[in-house]
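Student: everything below, folded, please.
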Amino acid sequence: MAGMSLPRPARPLTVGFDLDMTLIDSRPGIHAAYRALAAETGAYIDADEAVTRLGPPLEEELAYWFPEDRVKEMADRYRALYPAHAIVPTPAMPGAREAVEAVRALGGRAIVVTAKYEPNARLHLDHVGIAPDALIGWLWAEAKAEALREHGASVYVGDHVGDVRGARKAGAVSVAVPTGPCGADELRAEGADVVLRDLTALPEWLAEYAATRA
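Tutor: Coordinates of the predicted model:
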């Protein structure tokens, strides 16, 4: 009827995922890469300690072990060593493949937005058999909002308080899993909308979310 405004159709469902400690357990691979860097440079790096702080950009961790004027050089070298040492030991997290498949089963798109160097992130995803619709690297915390908005993500799934901040800045639902360095209470305190035990719980939650969204 003339003059009536029709409701706009809902945007296609797009769900973003963090990578390290969300889709993959990167601790064994990162541990091996730090040990390789320490062996090559002769520097002391406590790899056991380093893998308890996964999430922020590499340069932040390297600043614990190298002078400021060497951090960029060491980051470049770490990334060059990474494929030979870190990919094979790194498994998918429980429920990771099923979580991505659940998005697709609902007719949606699954994207990965990570602080990791994008070529190395791609190697990980190929190794564990996860093929996102888009991969965007080198974005941390609030900076992830740029990619989430660009791709129209209404949900972002991550394990770190930085992921929560990125989701909130993008106006996306923040779904958190305490499978990385941040516990459930810390994630809730940062403002996560939903905290699941791990990714195995995501398909059920996502089906409920999609039904209410429709």
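
Student: residue 19: what's its closest spatial neighbour, skipping adjacent residues?
Tutor: Ranked by CB to CB, 6 or more residues apart in numbering and with sequence neighbours excluded, the top spatial neighbour of residue 19 is residue 114, at 3.8 Å. (C-beta placed from N, C-alpha, C; glycine too.)

Student: likewise for residue 156?
Tutor: residue 167 (3.8 Å).

Student: same thing with residue 13?
Tutor: That would be residue 108: by CB to CB, 6+ apart, it lies 3.3 Å from residue 13.

Student: how near is the one you found to residue 90?
Tutor: Distance, residue 108 to residue 90, using CB to CB, to the nearest Å: 26 Å.

Student: same thing with residue 109?
Tutor: Applying CB to CB to residue 109 and residue 90 gives a distance of 24 Å.

Student: who touches the residue nearest to residue 13 in this structure?
Tutor: By CB atoms under 8 Å, 6 or more residues apart in numbering, the contact set of residue 108 is 12-15, 210.

Student: coming back round to it: and the helix or strand where the residue nearest to residue 156 lies, C-alpha only, in CSV?
Tutor: Here residue 167 sits within helix 161-170, counting by DSSP states H and E. Output of helix 161-170 as CSV, limited to C-alpha atoms (Å, rounded to 0.1, in the frame of the first residue of the first chain):
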residue,chain,number,x,y,z
VAL,A,161,39.2,-9.1,27.5
GLY,A,162,40.6,-7.4,24.4
ASP,A,163,38.2,-9.4,22.3
VAL,A,164,35.3,-8.2,24.5
ARG,A,165,36.4,-4.6,24.0
GLY,A,166,36.6,-5.1,20.2
ALA,A,167,33.1,-6.6,20.1
ARG,A,168,31.6,-3.9,22.2
LYS,A,169,33.2,-1.1,20.1
ALA,A,170,31.8,-2.7,17.0
